[in-house]
Each structure stands twice: as structure tokens, then as C-alpha cells.
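Student: Fold the stuff below for me.
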Amino acid sequence: MQELGRCARTASQRIALASPEQKNAALRAMAAQIRNRAGAILAANAEDLSAARAKGQVASFIDRLTLNPQRLEDIAKAIESIADLSDPVGRVLARFERPNGLVIERVATPLGVIGVIFESRPNVTADAGALCLKAGNAAILRAGSESFRTSLAIAEAMSAGLEEAGLPADAIRLVPTRDRTAVGAMLSGLDGTLDVIVPRGGKNLVARVQEEARVPVFAHLEGLNHVYVHAKADLDMAKQIVLNAKMRRTGVCGSAETLLVDKACAATHLKPLVTMLLDAGCAVRGDAATLAADPRVTPATEEDWRTEYLDAIISARVVDGLEGALSHIAAYGSHHTDSIVTDDAEAAERFLNEVDSAIVLHNASTQFADGGEFGFGAEIGIATGRMHARGPVGVEQLTSFKYRVRGAGQTRP
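Tutor: Have a look, this model is predicted:
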């Protein structure tokens, strides 16, 4: 692990100085390598899937782990879309001149070496490696044991693409072991060679990283996301948004986990929304009002309001107006993504201003919590903290900055 860190540090120094054209050529070569090695990558994924099923993993976990030809092509296209983005390195973020004639510029620079620790999604290997490269960084990727074979096959394809473009293969490396002590080594900073760690996974993983890391962390906490159907919500729009937010893909971090219905419209909106979800195959766990809406609803416990199901399950309750919704989200939310459905512009603005989440939406599905949907090409994750990066972590968020100061012989009195 120490050698992995040293090699990544050396590679990062070359990547930081690589031209946009070199980095883009490498990204396109990576996409081509992934397509060329599709058979090997899918075969590795089949082995991972077989092992996961043998362990009795749930359907939502299997969905996150599964690759097929279309999903693999989507991975290749995502890498190409990153190549099409503007280069974030060297951007002049601010420029000003002091009274003494000094000209000061704040300029975007790479972070250095980024460690990414993730679990079951093999596409994170490609997204994270490509985004780090575009931002002039090297990446050390640590995959979960369940996706290890698939992630290793993808990482090898990306390293081959780097070499094809004349850049160091060590700029993107997967930790070549499933040993859990490798995570501890990364959290220690690998003798100062890691600059940032990004955890992408379950609550336990993120909690461990935040507790033990000796380097800065871009925290990606669980997606305890809410859809609040306000008193002045159009019912048809609410049904479309709620169904999409929960059921489009239940295993993604942008999936809605709690439905809040305003007391003022519960008589007309609650039953249709609950029935729609149940008929779509979604289990509903609700408060007393929700239980009365349909006999198939089961009682919600206090723990349900704090649970990221990542499955076809949703908790639902009636709240007392906008204040009730804001209070519930403040008490139980994870600062990830929350949405209001309403035709009331004033209520929408209050929700957008007062909900302290990385992403807040008005009349739109929480499933838009995705770097690709934001036009970032891809993302490493959704950062839910308040420092530096927040929301989808794309290429711009993977840079820092420095000040360049130009003078003409000035000295300080």
C-alpha cells in the first residue's frame, strides 16, 4: 500500500502538468479499452454476481452490482462525456489588482492524489478514475469485495488507456487486495501521499472514514431523501414525481425514502399516492393517517424515518403544513436531496431556502440527484457536508486553487 501511494504521488505530478489534449486522449482511449475488453469485464461481473447471490444479497444490492452490455456502454460513454467537458485546471477564478500594482489571480489547481473507497457499484471505478484524471489528479481506488473482480477489470482497462496516451498507468490504480486492512492504510494517508479521501457507500463505511481518516474527507452520507407534497400540489404531478422518485431505481442514493403529505390536502392526495405506490410493488410503512388510507400499509416505527431502504419500501406520514415538513426533514434528513411538489411559489422558495440539503428541488424527482443530470459528465458521489464540495462531486469540485501574484519590483514597506 505504501508503494501504491508513492507511485500515485509520482504519477500525480505528471498528470497535474498534462495538457487538456493529453488527458482527453487518455479518457477516450480508456473508453475504447473498456469496449474492447467488454467480454472480460462482463465475465468478471458474472463471477461477482454469482458470489453475491450465494451470500444471499438482496435484489437492490444485486441491481447496483450488475453490469450488462448496455450498462457497460453507458460507462464508456460517461468517460467520453468527461473528455468533452471544459478542463477545470488553470481556470482563473478571480483576478484583482491591489493599489500597489500587484496583480493577484486565484487559479484552479489539482488536489493531488485522491483515494476513493466504494462498495458495490463497479461503475464508480470508471467515474472516479476519469473525473480525477480530468481534474489533473491521480486516483487510488478501493472497491468493495463484492465488486472486486469487475472493478479490477475496469481499472486495468483504464490503466491501459493511460499508457496508450503516453501518461503513467499509476495515475489510476485499484487497490489489489480485498484485505480490509487496506482501508485502514488509506485512512492513515499512506505516508502523506493521499490528499483527499472520498467514501462512497453505506452509513457504516462513511462513519468509519469520518472517524478514522487523517486526511480531508468529502463525505457522502446516506440518501434519506424526502418528497413533500404541499397543500397546493397538483395531484397528477405529485403522482408522477413520487412514483419516479421512489421506483425509477430504488437502489440509488437519489431514491426517495420518505413521503410527506400536507394535512391540508391529505383528504384528496394521500390515498391516491399510497395506492399508486402499493400497486407499483412498493411497500408502504406509515403513520396512523397513512394506515387508514389502505389496508396494505404497515405501521411505521421511529426507525423507519431514519432508514435509507435502497429498496421498494417507503415511509409515509401526514405533516402539519410546510412547518411540519421542514421540521421532519431537519430531524430525520441526511442533507442529501429533498423535493417539494407545489404550485405555491412562495412555499417553494421557503423550502428551497430553508431545507439544509446539498440538493433541493421544486416540482422535480429526487432521482435527478446525479452528476450526469447536472451536466457534470459523471460524479464521484454526492457530498453532504458543508466544506469545499457539496452536492455532485464532479471535475470542478476535484480541484483546489492557488494564488498567482505578478509584480513589477514591489517590496513591502
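Student: check contacts around the closest residue to Val209 other than its chain neighbours.
Tutor: Among residues not flanking Val209 along the chain, Pro199 sits closest, at 4.1 Å (Cβ to Cβ, 6 or more residues apart in numbering). Heads up, the C-betas are built off the backbone N, CA and C, glycines and all. Residues in contact with Pro199 (Cβ atoms under 8 Å, 6 or more residues apart in numbering) are Ile117, Phe118, Leu205, Val206, Val209, Gln210, Val217, Ala219, His220, Gly381.
Student: try 6 Å
Tutor: Ile117, Leu205, Val206, Val209 (Cβ atoms under 6 Å, 6 or more residues apart in numbering).
Student: Turn the residues you listed into a markdown table, columns for distance to Ala143 and secondary structure.
Tutor: Below are the contacts of Pro199 laid out as a markdown table (distance: Cβ to Cβ, whole Å; DSSP: H, G, I helix; E, B strand; the rest coil):
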| residue | distance to Ala143 | secondary structure |
| --- | --- | --- |
| Ile117 | 9 | strand |
| Leu205 | 12 | helix |
| Val206 | 16 | helix |
| Val209 | 15 | helix |
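Student: Quick check: Leu310 touching Gly251?
Tutor: Yes. Leu310 lies in contact with Gly251 (Cβ atoms under 6 Å); the separation is 4.9 Å.
Student: Can you pull the residues that touch both of the two?
Tutor: Taking Cβ under 6 Å, 6+ apart as the criterion, Leu310 and Gly251 both touch Ser60.
Student: quick one: low-confidence ranges for the stretch 151-300 of the chain?
Tutor: Along the stretch 151-300 of the chain, the parts satisfying pLDDT under 70 run over 221.
Student: ok, which stretches of it are strands?
Tutor: Assigned by DSSP state E, counting those that start in this stretch, the strands in the stretch 151-300 of the chain fall at 172-174, 196-200, 225-229, 256-262, 283-286, 298-299.
Student: out of the ones you listed, nearest to Phe148?
Tutor: Across those, the minimum distance to Phe148, taken as Cβ to Cβ, is reached by strand 172-174, at 8.3 Å.
Student: in its sheet, what does the closest one sit against?
Tutor: Within its sheet, and counting by DSSP bridges, strand 172-174 is paired with strand 138-142 (parallel).
Student: mind saving the C-alpha coords of stretch 188-201 as CSV?
Tutor: This file holds the C-alpha atoms of stretch 188-201, laid out as CSV (Å, rounded to 0.1, in the frame of the first residue of the first chain):
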residue,chain,number,x,y,z
SER,A,188,-3.8,6.9,7.6
GLY,A,189,-2.9,8.8,4.5
LEU,A,190,-0.3,6.3,3.0
ASP,A,191,2.7,8.2,4.5
GLY,A,192,1.4,11.5,3.3
THR,A,193,0.8,10.5,-0.3
LEU,A,194,-3.1,10.8,-0.1
ASP,A,195,-4.5,14.3,-0.2
VAL,A,196,-8.3,13.6,0.0
ILE,A,197,-10.5,10.6,0.6
VAL,A,198,-14.0,10.2,-0.8
PRO,A,199,-16.1,7.4,0.7
ARG,A,200,-19.0,6.1,-1.4
GLY,A,201,-21.1,3.5,0.3
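Student: correct me, but Ala25 touches Glu164?
Tutor: No. Counting by Cβ under 6 Å, Ala25 sits too far from Glu164 to count as a contact (8.3 Å).
Student: What are the contacting residues of stretch 127-145?
Tutor: Residues from elsewhere that reach stretch 127-145, judged by Cβ under 6 Å, 6+ apart: 8, 11-12, 15-16, 23, 27, 79, 82, 88-89, 110-111, 113-117, 119-120, 125, 151, 158, 171-175, 178, 378, 380, 395, 398-399.
Student: And the protein, what are its domain boundaries?
Tutor: Domain ranges of the chain: 2-220+393-406, 225-368, per automatic domain parsing.
Student: May I see these organised as CSV, with distance to Phe374 added?
Tutor: Below are the domains of the chain laid out as CSV (distance: least, Cβ to Cβ, whole Å):
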stretch, distance to Phe374
domain 2-220+393-406, 7
domain 225-368, 8
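Student: closest to Arg386 out of those?
Tutor: Set against Arg386 and scored by Cβ to Cβ, these come closest in domain 225-368, at 8.3 Å.
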